[in-house]
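*Asks:* Here is my input; please provide its structure:
(one chain, ligands or ions: 2)
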Amino acid sequence: MNRTVEKNRTLLVDGPASVVTTSGKVEVFGLRMNNTQRIVIREGKRLPFAVEEKATFDISLAQKANVEEVEGNTIPPSWNEASEELSTLQNKPITAMVVGTVDSGKTSLCTFLVNKLLQQKKKVAVLDGDIGQSDIGPPCTVAYTFLAKPTTDLFNLQAKNAVFIGVTSPNGAADKTIAGLTSLKEEIMKENPDLIIVNSDGWIEGDEAVKYKIQLAQRINPDVIFFIQQREELAPAVNALGKFRKVLVVSPPLINQRSREKRKNLRELGYIKYLRNAKVQSYPLGWLKIEDSELFGLTKARANTKEASRIYSLLGMKPLHFTEQSDRISIIIGKRRWISTENLKRLEENTKKKVVVIRKGEEEGSLMALYNTERKFLGIGLLQEIEYLRRTIKILTPVSENIAIAAIGKIRLDKNMKEMSAFGEEGQPEFPAFNKLS
Ligand SMILES: Nc1ncnc2c1ncn2[C@@H]1O[C@H](COP(=O)(O)OP(=O)(O)OP(=O)(O)O)[C@@H](O)[C@H]1O
Ligand SMILES: [Mg+2]
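*Replies:* Ligands and ions are numbered 1, 2, ... in the order given. Model (predicted):
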């Protein structure tokens with residue numbers, strides 16, 4: 001489909017779609033379109049093509065896509081002011097943090113700022129702290145990259161390094177997220193950047209969220225924070241972060257608000273991107289350092305034989321595998337085995353520990369992160385199976401480099417890469433397996 005748009009108007013395209021600007025002067029998030037480049041817009045995303053001189057477009061729309069035209073430029077003037085504010089800062093590197101609620105335009109503002117800075121030939125890194133709607137790394141990770149050229153979608157970039165958090169919200173994983181971002185910022189600093197643009201997650205309302213943003217800002221120590229205001233939702237955060245230089249910017253009124261389901265779908269595109277060409281690979285358990293695997297009983301802490309027989313007799317059966325930690329015992333049983341509630345209670349009372357029962361097979365689909373010996377992030381994978389007797393682990397992953405460390409997340413995906421309810425997710429029983437049996 002061809003379309004002509006007059007100057008001082010904006011063409012809003014909702015994906016899935018692709019657009020070539022065939023003539024005229026057009027900008028997307030500060031990036032000047034050339035007449036050959038095909039811009040792909042993912043489902044759930046909207047791109048504003050701001051027309052400065054009468055332009056023609058060649059547009060391909062898939063189902064569910066949409067195009068509309070509006071008067072003026074949908075980039076708020078305050079976004080230009082934000083970019084100018086960065087030019088007034090003299091130190092090197094300059095760290096700027098973007099704070100706003102979900103769907104306020106955080107990613108778009110980062111993209112806009114980066115594009116403007118690249119025009120000034122700056123060396124720019126984006127540090128992505130939004131684990132729920134990550135742009136740079138796979139979902140559930142914080143990640144960074146340096147940009148060689150301007151872009152309309154940060155999602156097209158390759159992460160230089162990432163840290164796996166294993167959940168989709170920092171609520172409950174605040175320390176881990178902050179530690180991940182801090183270590184990645186230190187890594188970026190070694191490359192001598194001019195600027196670091198830090199995106200943050202949309203968890204902003206409520207005391208816990210504000211406390212988290214304060215801790216994050218203290219560790220990242222930005223020279224300026226850009227707050228994207230929609231209503232009054234940011235007031236507590238703006239007050240609490242008063243000691244930092246702040247700039248309030250406007251959330252574009254024509255933003256594309258997405259439902260929880262759409263946000264989940266966008267995340268699933270992220271899993272698909274990072275699991276493309278995955279193959280099942282099998283590793284002896286002894287070869288890998290496996291982190292966050294308490295649930296599946298892969299920690300070293302293993303009771304002695306005497307303690308083991310005491311546990312077996314309290315359970316009234318010999319499980320496939322078990323591990324005992326200071327506060328809990330994880331028991332893995334075969335698919336068709338069963339333990340009576342009475343026996344489980346007896347074990348809990350006797351050991352004064354929480355007993356968690358996992359049925360073999362429940363590990364399948366758990367999201368994993370894979371690292372090399374230097375802890376460089378290699379990619380993600382899905383746990384296929386833990387073979388307790390053969391002491392091997394099977395992982396579905398496209399990663400072909402040598403893996404030294406594997407971390408297991410709390411998110412599980414089904415065969416179609418759709419998120420299933422996670423272990424320990426809010427509103428879910430902490431351990432579904434346990435509840436099934438009790
Ligand atoms: N100025 C604008 N004009 C039109 N659409 C816009 C504009 N700014 C952003 N959008 C679109 O609105 C949607 C939401 O913006 P964006 O993804 O930047 O928000 P976000 O705060 O990063 O959201 P999330 O919380 O999901 O990460 C996107 O599809 C984006 O392309
Ligand atoms: Mg975003």
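*Asks:* Show me the shaky parts of the stretch 151-300 of the chain.
*Replies:* Within the stretch 151-300 of the chain, the stretches with pLDDT under 70 are 299-300.
*Asks:* What is the burial count for the residue in the stretch 1-150 of the chain that ligand 2 sits nearest to?
*Replies:* In the stretch 1-150 of the chain, the residue that lies nearest ligand 2 is T107 (3.2 Å; C-beta to the ion). In short, each C-beta sits where N, CA and C put it, glycine included. Around T107 there are 24 other residues, counting by other C-beta atoms under 10 Å.
*Asks:* Next secondary structure after the helix or strand in which V247 is found?
*Replies:* In the assignment (DSSP states H and E), V247 maps to strand 246-250. Using DSSP H and E, the helix or strand that follows strand 246-250 in sequence is helix 260-275.
*Asks:* for that following helix, which positions count as buried?
*Replies:* R263, K264, N265, L266, R267, E268, L269, G270, Y271, Y274, L275 (16 or more other C-beta atoms under 10 Å).
*Asks:* Of the residues you listed, which are in range of ligand 1?
*Replies:* R263 (C-beta under 6 Å from any ligand atom).
*Asks:* Dump the buried residues of helix 260-275 to TSV, plus distance to A174.
*Replies:* Supplementary listing: the buried residues of helix 260-275 in TSV, determined by distance: C-beta to C-beta, whole Å:
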residue	distance to A174
R263	20
K264	22
N265	26
L266	23
R267	20
E268	25
L269	26
G270	22
Y271	23
Y274	24
L275	27
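*Asks:* what's the farthest-apart pair in the buried residues of helix 260-275?
*Replies:* Maximum pairwise distance among the buried residues of helix 260-275 (C-beta to C-beta): 18.9 Å, between R263 and L275.
*Asks:* In PDB, could you pull the C-alpha coordinates for stretch 370-386?
*Replies:* Taking Å, rounded to 0.1, in the frame of the first residue of the first chain, the C-alpha atoms of stretch 370-386 are listed here in PDB:
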ATOM      1  CA  LEU A 370      24.000 -19.900  30.400                       C
ATOM      2  CA  TYR A 371      27.400 -18.400  31.100                       C
ATOM      3  CA  ASN A 372      31.000 -19.200  30.300                       C
ATOM      4  CA  THR A 373      33.800 -19.500  32.900                       C
ATOM      5  CA  GLU A 374      34.300 -15.700  32.900                       C
ATOM      6  CA  ARG A 375      30.600 -15.300  33.600                       C
ATOM      7  CA  LYS A 376      29.900 -13.800  30.300                       C
ATOM      8  CA  PHE A 377      26.300 -14.400  29.300                       C
ATOM      9  CA  LEU A 378      26.000 -16.800  26.400                       C
ATOM     10  CA  GLY A 379      22.300 -17.000  26.100                       C
ATOM     11  CA  ILE A 380      19.200 -18.600  27.500                       C
ATOM     12  CA  GLY A 381      17.900 -22.200  27.400                       C
ATOM     13  CA  LEU A 382      15.000 -24.200  28.600                       C
ATOM     14  CA  LEU A 383      15.500 -27.000  31.100                       C
ATOM     15  CA  GLN A 384      14.300 -30.200  29.500                       C
ATOM     16  CA  GLU A 385      15.100 -32.800  32.000                       C
ATOM     17  CA  ILE A 386      17.200 -33.600  35.100                       C
END
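*Asks:* Name the residues of it that are buried.
*Replies:* Residues of stretch 370-386 classed as buried by neighbour count (16+ other C-beta under 10 Å): L370, Y371, F377, L378, G379, I380, G381, L382, L383, Q384, E385, I386.
*Asks:* Just the closest of those to ligand 2, please.
*Replies:* I380 (19.1 Å).
*Asks:* Please report how far the closest one lies from ligand 1.
*Replies:* 19 Å (C-beta to the nearest ligand atom, to the nearest Å).
*Asks:* go on, R46?
*Replies:* Taking C-beta to the nearest ligand atom, one finds R46 at 4 Å from ligand 1.
*Asks:* now do K92
*Replies:* K92 sits 27 Å away from ligand 1, going by C-beta to the nearest ligand atom.
*Asks:* OK, contacts around the spatially closest residue to that residue that is not a sequence neighbour?
*Replies:* Distance criterion C-beta to C-beta, 6 or more residues apart in numbering; nearest residue to K92, sequence neighbours excluded, is D194 at 5.9 Å. By C-beta atoms under 8 Å, 6 or more residues apart in numbering, the residues touching D194 are K92, P93, I94, L117, K122, K123, V124.
*Asks:* what's the spacing between I380 and V250?
*Replies:* I380 is 36 Å from V250, where distance means C-beta to C-beta, to the nearest Å.
*Asks:* my guess is R9 meets F57, correct?
*Replies:* No: in this structure, R9 is not within contact of F57 by C-beta atoms under 8 Å, at 11.8 Å.
*Asks:* So between those two, which is more surrounded?
*Replies:* F57 (23 against 17).
*Asks:* And the pLDDT at that one?
*Replies:* If you check F57, the pLDDT there is 97.
*Asks:* repeat for the one 3 residues further on
*Replies:* pLDDT for S60: 97.
*Asks:* In which helix or strand does it reside?
*Replies:* Applying DSSP H and E, one finds S60 within strand 46-61.
*Asks:* got it, and I204?
*Replies:* Under the criterion of DSSP H and E, I204 resides outside all helices and strands.
*Asks:* pLDDT score for the closest residue to I204 other than its chain neighbours?
*Replies:* Once flanking residues are discounted, I204 sits nearest to T101: 5.0 Å by C-beta to C-beta, 6+ apart. Looking at T101, its pLDDT stands at 94.
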